[in-house]
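> okay, here's the prediction I keep looking at, along with the sequence it came from:
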Amino acid sequence: MAEGLTVGRRDGGQEIVRKTSTTLELLARHGTLEVTRQRIAAEKVLYLDAASEWEGFEFIYLLAGRLLLKNDNEAVTLGPGDYLYHRGLPERVHFRVAEDVELLMFASPPSFHLMQGEIQELMALATTVEEKDESTAGHCKRLERLALLIGERLGLADQQLVTVSYAAYLHDIGKVNVPDEILNKAGPLADAERAQMERHPLYGEEMLDGKMFLTEAARVVGAHHERYDGSGYPKGLAGDAIPIEARIVAVVDAYDAMTSERPYRGALSEAQAREELRKHAGTQFDPRVVTAFLAILERGHVS
């Protein structure tokens, strides 16, 4: 287990109360100590910062759900009644939310307003794009889940999983700068309209780049319409020049789009969508990412 991190368990079971959203609530404050309650949805990836990024004491007690703590080759599942604490970590520690969790956090120095600001800003960005483009309702959440499954199968580092999670959820944020009549047009786009649509990855990258916790995700958002053979946009990147997280988002974005109804066409069957991915592996898509995703589909991990 990570140096400086202590994990404890309490014997006995407890009924798990499922929550469906990610929320943060300040329960009490005394001097520099804050007590917060957090509810975090399943499939999220979260982390505790290293001492070089954040100094202080943190104690986390799980009320409900399951957290998967990964460190090198060791993995520990934490459930209701388990806890962990630290007074400074040599490196960042990551967790995967295996089931919706509710937890209590005791932290010093205060961090509630920083975390609250990040969560509110992220949710506002996501809501903005879903309200702007009617075809993205539910699309962002599905992409986040699928991208994490592929990232884990490919063995991405924990921080890369955090990046691909944010980027998949916010990949189309740049569409807020594209006129509604272009976004929701039923027929083919004119050349000028297509040129404007194809700027949305750059718009998204610019919107996210100034936010400290989204800097890496911004790079991915800017590249999620690049193609493996270099024929994509906006910069014509090819192969490994495209961030692996962006190559993952490209595959799950295409699959979800193909299997969803659109104003200009009906949905493809899952079998048809899988065949399209195979057909374009090596040209539009990274073959390794396609192979990983098809394996996930074959195992029935995607409903």
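Done, it's in.

> starting at the chain centroid, how far to stretch 162-181?
Relative to the centre of its chain, stretch 162-181 is centred 12 Å away, using CA atoms, centre = their mean, to the nearest Å.

> er, stretch 31-39 I mean
Mean C-alpha position of stretch 31-39 versus that of the full chain (CA atoms, centre = their mean) differs by 25 Å.

> quick check: mean pLDDT across that stretch?
Averaged over stretch 31-39, pLDDT sits at 88.

> list the buried residues of it.
Glu34, Val35, Thr36, Gln38, Arg39 (16 or more other CB atoms under 10 Å). In this view, the C-beta of every residue, glycine as well, is placed from N, C-alpha and C.

> okay but the fourth one is in contact with Lys44, surely?
No - Gln38 sits out of contact with Lys44 when judged by CB atoms under 8 Å, with a separation of 10.7 Å.

> and for these two, which residues touch both?
Thr22 (CB atoms under 8 Å, 6 or more residues apart in numbering).

> okay, and which of the buried residues of stretch 31-39 map to strands?
Glu34, Val35, Thr36, Gln38, Arg39 (DSSP state E).

> who's in contact with the nearest residue to the third one once chain neighbours are set aside?
Leaving aside its sequence neighbours, Thr36 sits nearest to Met105 (CB to CB, 6 or more residues apart in numbering; 4.9 Å). Taking CB under 8 Å, 6+ apart as the definition of contact, the neighbours of Met105 are Glu34, Val35, Thr36, Arg37, Gln38, Glu58, Phe59, Ile60, Tyr61.

> please apply the same query to Leu277.
Val251, Ala254, Tyr255, Phe285, Val290, Phe293, Leu294.

> output stretch 65-84 as PDB, restricted to C-alpha atoms.
Output in PDB follows, covering the C-alpha atoms of stretch 65-84 (Å, rounded to 0.1, in the frame of the first residue of the first chain):
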ATOM      1  CA  GLY A  65     -20.800   1.600  -1.500                       C
ATOM      2  CA  ARG A  66     -17.400   0.200  -2.600                       C
ATOM      3  CA  LEU A  67     -14.100   1.900  -3.400                       C
ATOM      4  CA  LEU A  68     -11.300   0.100  -5.300                       C
ATOM      5  CA  LEU A  69      -7.800   1.300  -4.200                       C
ATOM      6  CA  LYS A  70      -5.100   0.500  -6.600                       C
ATOM      7  CA  ASN A  71      -1.400   0.800  -5.900                       C
ATOM      8  CA  ASP A  72       1.300  -0.800  -8.100                       C
ATOM      9  CA  ASN A  73       0.300  -4.500  -8.200                       C
ATOM     10  CA  GLU A  74      -1.800  -4.400  -5.100                       C
ATOM     11  CA  ALA A  75      -5.600  -3.800  -5.000                       C
ATOM     12  CA  VAL A  76      -7.900  -3.400  -2.000                       C
ATOM     13  CA  THR A  77     -11.600  -3.100  -2.000                       C
ATOM     14  CA  LEU A  78     -13.100  -0.900   0.700                       C
ATOM     15  CA  GLY A  79     -16.700  -1.100   1.800                       C
ATOM     16  CA  PRO A  80     -19.100   0.300   4.500                       C
ATOM     17  CA  GLY A  81     -17.300   0.700   7.800                       C
ATOM     18  CA  ASP A  82     -13.800   0.700   6.300                       C
ATOM     19  CA  TYR A  83     -11.700   3.800   6.500                       C
ATOM     20  CA  LEU A  84      -8.300   5.300   5.400                       C
END
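
> any idea how far Arg194 is from His280?
Counting by CB to CB, to the nearest Å, the separation of Arg194 from His280 is 20 Å.

> among the two, which residue is more densely surrounded?
His280 (17 against 12; other CB atoms under 10 Å).

> state the pLDDT value of that one.
The model's pLDDT for His280 equals 98.

> try His224
Each residue has a pLDDT score; the one for His224 is 98.

> re the thing from before, would you check which pair of the contacts of Leu277 lies furthest apart?
Ala254 and Leu294 (12.8 Å; CB to CB).

> from the contacts of Met105, which is closest to Glu226?
Gln38 (35.5 Å).

> mind listing what that closest one touches?
By CB under 8 Å, 6+ apart, the contact set of Gln38 is Thr22, Thr23, Leu24, Glu25, Val101, Glu102, Leu103, Met105.

> please state the offset of stretch 236-251 from the chain centre?
Taking the mean of its C-alpha atoms, stretch 236-251 sits 16 Å from the chain's own mean (CA atoms, centre = their mean).

> this completes my enquiry, with thanks.
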